[in-house]
Structure formats: structure tokens, C-alpha cells
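In: sequence and computational prediction follow.
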Amino acid sequence: MAAPDISAGAMTLSLAGRVVLITGAASGIGRASALACGQAGATVAVNHLGRADEAAEVVALLQSRGVHAQAFEADVTRAADVTRMVADVERELGPIGALLNNAGIIDDRPFLETTEEQWDRMLNTDLKSVFLMCRAVLPGMVLRGEGVIVNIASDLGVLGREQFAPYCAAKAGVIGLTRSLAREFAPRIRVNAVAPGPVATAMLSTEHMSAEWIEKELDIPQHRFAAPDEIAATVLFLMSDLSRFYCGQVLGPNGGSVMP
């Protein structure tokens, strides 16, 4: 197979002409990624569950910038919801060219106090949803012979951490699933992951955390949490043609918490 054209201007951050579906896009990393992808020229499908007002704000902001965007409500842990949403997105916006699996939750509690229900909720939201979404969009990508999938993992999926066992297990699973799909669907479809360190979102308050506490307790050399748009920049890179030789990779905007 011939090498791709990498002459000046051939590879860019532009997502013009591409429909991007982002799960959990009403806030945090999903919201920031939706804005970044829209700014790069993508048509953006904003998924949410029970957060219609916030999703509408994201859509309105994108539209104010001239971006074609629409909100789609679905529970990404339910196969029927996922199938319906993917069909709705492709009917309303066109074939899905890129998928960001971002929807997720986090919870901390001692392992011996973790119930089966809590375990299942975490694994369903953070891992099963990725399986369901990939299973729903990949047939179309295979048929068209191209596509990009980016999965949001976590540095804790690599490190592990006490009192976060279900979350660590789910995110380690996301990394393993990413690598498996990357091998199975290459070279036409690129599957990669982003494994951030702690990100300052509504899921994680940093108000009571000093730089010294972060350095000591979390071992983050940069002594701070990331902003959502710093993670979105990595997502945008992996969505773009600039990353065409990335396959099954896990990029870590983590402030130094993990140094491979």
C-alpha cells in the first residue's frame, strides 16, 4: 500500500465535511471536544442523557459559530437507545465519520463497600457504552471504508488507585478494547484512546486541593488538574488527518502522572 501524501497542506486539523458524534457532550470534556471539533469544521451530534438544557446550550454556541449541530438524547448503556440514536444522527446529519466515546461517571469508595449494583453501574456507563457505541457505528464505517473512533480512558486505567476499583477496571477495559478494535479494523478505520489525568470538571471538584496536596497525594508533576479544553486538543488531534499513523495508541495528557 502506498504511503499517504504528507506534503504541505495534505494533513491538517480540519474536520470539514465530517459528522462527529460525541457521547456525554453536555459538559466537561465532551462539551469542550464538541466545541473544538465544530471549530475545526465538523458537523457535531451532541449526545446527552437528561441534560437537555445544557446540551441545547452547547448546540446554540456551536450554531452561533456557524457550525451545524444538533442534540440527541440517548442512554448509551442501552443497546436499543444506541441503535436509535445512531440511526437518528445519520438520518438528520449524515454518515458518522468520527465517534468520541466520552460518556462516563466516577465514584470513590472502599472496595469492600462496593456493591454489585455500584460495580455494574460503573462498568455499564464507562465500558459497556463504548462497546455498544462502537458496535453501532462500525458497520457504516466499514461499508464506507473510513472512520475514526476516539475513546476516553483515564490514567487510572493504567495506574490503578485505592478506592477507585470499578472505575480503574472500566478504564483499563476501555484501553484493552481500543487496542483490540484498532488491530481488527485497521487500516481504514483508526481507533485510539485518550487517557487524561484529573480534569477540572463538574465530576471532580478541585476547590479544596492545593498544589502541594496534588503533588503529594496524586503525584502530578505539573501540580494542577487539566482544563477540559486541554483534553479536547488531544481529541481533535486524533480525529484529524495529522494522526493518520496512530493506531491503537493511548495518548496521555496527564501532567506527568504517567510517564511510559
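Out: Perfect, thanks for sending it.
In: from here on, contacts and neighbour counts on C-alpha atoms
Out: Will do.
In: find the nearest non-adjacent residue to S27, please.
Out: Closest residue to S27 apart from its sequence neighbours, by C-alpha to C-alpha, 6 or more residues apart in numbering: E54 at 7.2 Å.
In: may I see the buried residues of the lengthiest helix in the chain?
Out: Longest helix in the chain, counting residues (DSSP state H): helix 165-185. Of the residues in helix 165-185, those buried under the neighbour-count criterion (16 or more other C-alpha atoms under 10 Å) are 165-175, 177-179, 181-182, 185.
In: also stretch 15-24?
Out: Going by neighbour count (16+ other C-alpha under 10 Å), the buried part of stretch 15-24 is L15, R18, V19, V20, L21, I22, T23, G24.
In: likewise stretch 87-95?
Out: For stretch 87-95, by 16+ other C-alpha under 10 Å, it's A87, V89, E90, L93, P95.
In: need the contact partners of that stretch.
Out: V19, L21, T43, A45, F72, I96, G140 (C-alpha atoms under 8 Å, 6 or more residues apart in numbering).
In: out of those, which are inside strands?
Out: V19, L21, T43, A45, F72, I96 (DSSP state E).
In: report the beta-bridge partners for the last one.
Out: According to DSSP bridges, the partner residues bridging I96 are V19.
In: you'd agree it is up against R18?
Out: Yes. Using C-alpha atoms under 8 Å, I96 is in contact with R18, at 7.3 Å.
In: can you give me the strands for the protein?
Out: Listed in chain order, the strands of the chain (DSSP E) span 19-22, 43-48, 69-73, 96-101, 147-152, 189-194, 250-251.
In: want to try TSV for those strands, with distance to E113 and mean pLDDT as columns?
Out: Below are these laid out as TSV (distance: least, C-alpha to C-alpha, whole Å; pLDDT from 0 to 100):
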stretch	distance to E113	mean pLDDT
strand 19-22	33	98
strand 43-48	30	98
strand 69-73	33	98
strand 96-101	29	98
strand 147-152	27	98
strand 189-194	30	98
strand 250-251	31	96
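In: between those strands, which gets nearest to I220?
Out: Closest to I220 of the strands of the chain, according to C-alpha to C-alpha: strand 250-251, at 16.3 Å.
In: hmm, who's touching that closest one?
Out: Against strand 250-251 from outside (C-alpha under 8 Å, 6+ apart): I175, N192, A193, V194, A195, P196, T234.
In: got the residues you listed as a markdown table, with distance to G30 columns?
Out: Output for these, formatted as a markdown table (distance: C-alpha to C-alpha, whole Å):
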| residue | distance to G30 |
| --- | --- |
| I175 | 18 |
| N192 | 16 |
| A193 | 14 |
| V194 | 12 |
| A195 | 14 |
| P196 | 13 |
| T234 | 12 |
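In: shaky segments in the stretch 51-200 of the chain?
Out: Nowhere does the stretch 51-200 of the chain drop to pLDDT under 70.
In: ok, S240 touching L13?
Out: Yes. S240 lies in contact with L13 (C-alpha under 8 Å); the separation is 5.0 Å.
In: neighbour count for those two, which is higher?
Out: S240 (20 against 16; other C-alpha atoms under 10 Å).
In: distance of the residue lying closest to F131 once chain neighbours are set aside relative to R183?
Out: Using C-alpha to C-alpha, 6+ apart and skipping residues adjacent in sequence, the residue nearest F131 is L177, 7.9 Å away. According to C-alpha to C-alpha, to the nearest Å, L177 stands 10 Å off from R183.
In: V82 now?
Out: 24 Å.
In: so A45 makes contact with Q70?
Out: Yes. Contact criterion C-alpha under 8 Å: A45 and Q70 qualify, at 5.3 Å.
In: more crowded one of the two?
Out: Remark: of A45 and Q70, A45 carries more neighbours, 29 against 21, as counted by other C-alpha under 10 Å.
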